[in-house]
Structures are given as C-alpha cells and as structure tokens.
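>>> pasting a predicted model and its sequence here:
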Amino acid sequence: MAFFSFWCPNCGQYSALRHPALLGLGFVVSMILFMLVYHYFAWLRWLVIVPALMFGLLWSYAGVPLLTRLINRYTPLEGPPR
C-alpha cells in the first residue's frame, strides 16, 4: 500500500516514495537549523525576530525543496495504486 503515489511521465508508471518516513526528516532538520540560528542571534533580544523570520522564509522557499529533492527516492509500483 502506497501512501503517496505519483504518475511518472518518464517511465509511464505509478511511483511511490521508497522511504516515506524520510518526509519528516526535512521538518526535523528545519527545526534544528531554526533553533541554531535563533540561539546564535539570541543576544540581540527582540531583534532576533527579523533574522529568524528572514532565515525561515529563505529556508522554506529554497532549503526545504532542495532537501526533499535530495532525500526522496521513488520506486515503481506494480499496477495502479490502491
């Protein structure tokens, strides 16, 4: 049973994530990086909000898609998904 299945135009088959548990890895890495940046800028007190928000926006638009592209691997399914 595939939780996430996709139609692959390259191979002409349905595909599913090989390791669906890795989807949460991007979230965990994002939270760790956010906490590190927050801790690094904590001495700024209330000014920490601006760098943390900037880092969060940049990470959400560039880092997470790149990380998921590197982590996610797909495997072909036998027939259509159920």
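It's in. Residues are numbered from 1 along each chain as shown.
>>> contacts for the biggest helix by length in the chain?
Criterion DSSP state H: the longest helix present in the chain is helix 23-40. Applying C-beta atoms under 8 Å, 6 or more residues apart in numbering, the contact partners of helix 23-40 are 17, 48, 51-52, 55-56, 59-60, 63-64, 67-68, 71-72. Placement of C-beta: from N, CA and C, glycine included.
>>> pull the most distant pair out of these.
17 and 48 (35.8 Å; C-beta to C-beta).
>>> which residue sits closest to residue 75, ignoring its sequence neighbours?
Leaving aside its sequence neighbours, residue 75 sits nearest to residue 18 (C-beta to C-beta, 6 or more residues apart in numbering; 4.7 Å).
>>> I should have written residue 79 there, sorry.
Residue 79 sits nearest to residue 14 (C-beta to C-beta, 6+ apart), 7.5 Å away.
>>> so which residues of the protein form helices?
Counting by DSSP H, the helices of the chain are 23-40, 49-58, 64-71.
>>> give me the buried positions along the helix or strand of the chain with the lowest mean pLDDT.
Lowest mean confidence among the helices and strands of the chain (mean pLDDT, DSSP states H and E): helix 64-71, at a mean of 75. Across helix 64-71, burial judged by 16 or more other C-beta atoms under 10 Å covers residue 67.
>>> what residues does that helix touch?
With C-beta under 8 Å, 6+ apart, helix 64-71 has contacts from 22, 23, 25, 26, 29, 30.
>>> hang on, the earlier thing: now the contacts of helix 23-40 in CSV, with distance to residue 4?
Compiled in CSV, the contacts of helix 23-40 are given as follows (distance: C-beta to C-beta, whole Å):
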residue, distance to residue 4
17, 5
48, 36
51, 34
52, 31
55, 28
56, 25
59, 22
60, 20
63, 21
64, 16
67, 17
68, 12
71, 13
72, 9
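>>> of the residues you listed, buried ones?
17, 48, 52, 55, 56, 59, 63, 67, 72.
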